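[1] Following is a predicted model, sequence given first.
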Amino acid sequence: MSKRTDTVWEAAPHTVAKITMLGHYLFVWFSVLGTTFRGRDLWYIDGFAGPGEYTNFSSGSPRAAIKAAEAALQNPQWKAGKIRCFFIEENKARFAHLSQLVAGLTIDKRVTVQIFLGTFVEGIEWLKSQTVNPFASDNPVFSFIDPFGTRGLWFEAVSDLLSRPSCEVLINFDSDGVSRVLKAGEDANHVENLNRLFGTSTWQEELDVGLGLTMLSRKAVDFYLRLLRDLPKVDYAFPFEMTSKKGLVNYHLVFASQHPKGLQKMKESMRKIDQSGEFTFCDAHVGQQNLFSTDNMSFYARQLSEKFRGRTVSYPEIERFALNESPFLNCKAMLRTLEESGMIEVTCNKPRRRVGTFPDGSSISVRFIGGGA
């Protein structure tokens with residue numbers, strides 16, 4: 001079997017699932033924004049692009065992005081400008097392989113491709129210095145950041161991307177790698193490595209090296225999520241734990257955005273891939289409920305009830321909680337369960353609202369009484 005030290009290596013099943021999911025989501029992202037942002041260019045930034053293909057699978061993330069872009073551009077309602085793909089790869093052999101692969105493709109003229117040799121951080125800084133770049137114009141950006149391990153994933157670069165109003169990121173967060181670096185201590189240069197990964201030294205107060213690897217990994221994910229949500233206007237961040245049904249694979253994809261629709265569409269993409277039966281995407285921070293095979297309504301309704309017990313809360317705040325803390329695309333099913341159980345009282349500006357319904361466009365507040373769902 002090929003190793004990751006090779007220029008091109010064999011893709012494990014979870015890698016194929018990840019790339020398939022990325023391509024599906026990018027098609028949706030390009031399609032939605034391409035029919036919304038008239039005349040604006042859309043940008044895809046691949047932070048660790050790799051060679052562009054695998055020995056057993058023809059599409060790495062760069063090729064998946066190009067395919068998604070070309071498919072989205074076929075929409076007759078397209079209003080945006082070009083789709084600009086910027087691929088960053090620091091390994092010289094993989095950079096050369098990707099460059100050769102892209103040169104051999106016949107690509108729609110409305111899709112531009114740039115390939116940068118260097119680190120993720122260097123690539124972002126170089127792009128910001130160019131005359132045509134997404135940062136000067138606030139054009140929409142989606143960035144896939146998929147490093148090997150923890151090195152090179154600097155929080156400063158991630159937060160810079162997310163400071164843009166129309167930017168989303170999907171990060172392969174190596175939570176297991178964080179645990180191993182922490183336990184290795186100075187042998188892994190853990191202080192400098194984790195300071196850059198988290199953008200702060202407060203991880204030393206959050207992560208207990210005495211914990212087991214699994215618990216420590218989930219603590220690391222939770223801490224990273226809180227850091228993302230503490231960024232200005234980044235209200236939506238969710239971790240997907242991708243686990244083999246045979247128990248062989250366990251890693252996290254972290255999605256972050258300023259907008260709820262992005263997370264809704266990402267969950268839909270995850271759900272679609274999960275139906276393949278080979279892998280399941282699980283919630284990494286609420287007791288390992290299986291996200292898409294056994295949507296446990298009572299479990300998440302209890303979570304919602306406990307979160308807001310004794311409070312009167314606006315519907316948007318509940319909606320935000322549902323997106324960030326449950327597998328659901330909105331909070332309606334959980335609220336219906338709670339209202340039918342007599343655990344909440346709903347105030348709505350539509351006097352004829354039926355119990356268990358939450359009409360779009362209405363003003364709703366909810367008083368959480370308590371009890372068990």
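    That came through, no problem.
[2] Which residue ranges of the chain form helices?
    Under the criterion DSSP state H, the chain contains helices at 13-34, 61-72, 92-103, 120-128, 134-137, 155-162, 175-184, 190-198, 203-206, 213-229, 260-274, 297-308, 315-325, 332-340.
[3] Could you export those to TSV, including columns for distance to residue 46 and mean neighbour count?
    Bear in mind the C-beta positions are built from the backbone N, C-alpha and C, glycine included. Output for the helices of the chain, formatted as TSV (distance: least, CB to CB, whole Å; neighbours: other CB atoms under 10 Å):
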stretch	distance to residue 46	mean neighbour count
helix 13-34	10	21
helix 61-72	5	22
helix 92-103	10	17
helix 120-128	9	19
helix 134-137	14	16
helix 155-162	12	19
helix 175-184	20	20
helix 190-198	19	19
helix 203-206	27	15
helix 213-229	20	19
helix 260-274	17	20
helix 297-308	34	18
helix 315-325	25	19
helix 332-340	36	20
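[4] How confident was the prediction at residue 272?
    Residue 272 carries a pLDDT value of 79.
[5] again but with residue 117, I slipped
    The model reports residue 117 with a pLDDT of 98.
[6] Residue 79 too?
    So residue 79 comes in at 96 (pLDDT).
[7] Equivalent analysis for residue 360, please.
    Per-residue confidence (pLDDT) for residue 360: 88.
[8] what does residue 300 give?
    At residue 300, the model reports a pLDDT of 86.
[9] Residue 86: which of the helices of the chain is closest?
    The minimum distance between residue 86 and those falls on helix 120-128, with 6.0 Å, by CB to CB.
[10] what does that closest one contact?
    Defining contact as CB atoms under 8 Å, 6 or more residues apart in numbering, one finds that helix 120-128 is touched by 45, 47-48, 86, 88, 90, 116, 118, 133-136, 145, 147, 152-154, 156-157, 160-161.
[11] mind listing what residue 166 touches?
    33, 37, 138, 139, 140, 141, 258.
[12] so the fifth one sits right up against residue 44, yeah?
    What it means is residue 140. No - contact criterion CB atoms under 8 Å: residue 140 and residue 44 do not qualify, at 9.7 Å.
[13] Endpoints of stretch 202-213, how far apart?
    Using CA to CA, to the nearest Å, the end-to-end distance of stretch 202-213 comes out at 19 Å.
[14] And for it, what's in contact with it?
    Here stretch 202-213 makes contact (CB under 8 Å, 6+ apart) with 176, 178-180, 182-183, 185, 194-195, 216, 219-220, 223.
[15] okay, the residues you listed in JSON lines with pLDDT next?
    Output for the contacts of stretch 202-213, formatted as JSON lines (pLDDT from 0 to 100):
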{"residue": "176", "pLDDT": "86"}
{"residue": "178", "pLDDT": "90"}
{"residue": "179", "pLDDT": "89"}
{"residue": "180", "pLDDT": "89"}
{"residue": "182", "pLDDT": "92"}
{"residue": "183", "pLDDT": "90"}
{"residue": "185", "pLDDT": "87"}
{"residue": "194", "pLDDT": "95"}
{"residue": "195", "pLDDT": "96"}
{"residue": "216", "pLDDT": "88"}
{"residue": "219", "pLDDT": "89"}
{"residue": "220", "pLDDT": "92"}
{"residue": "223", "pLDDT": "95"}
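[16] Save those as a markdown table, and put in distance to residue 205 too.
    As requested, the contacts of stretch 202-213 are exported to a markdown table (distance: CB to CB, whole Å):
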| residue | distance to residue 205 |
| --- | --- |
| 176 | 21 |
| 178 | 15 |
| 179 | 16 |
| 180 | 20 |
| 182 | 13 |
| 183 | 17 |
| 185 | 17 |
| 194 | 12 |
| 195 | 13 |
| 216 | 14 |
| 219 | 11 |
| 220 | 13 |
| 223 | 10 |
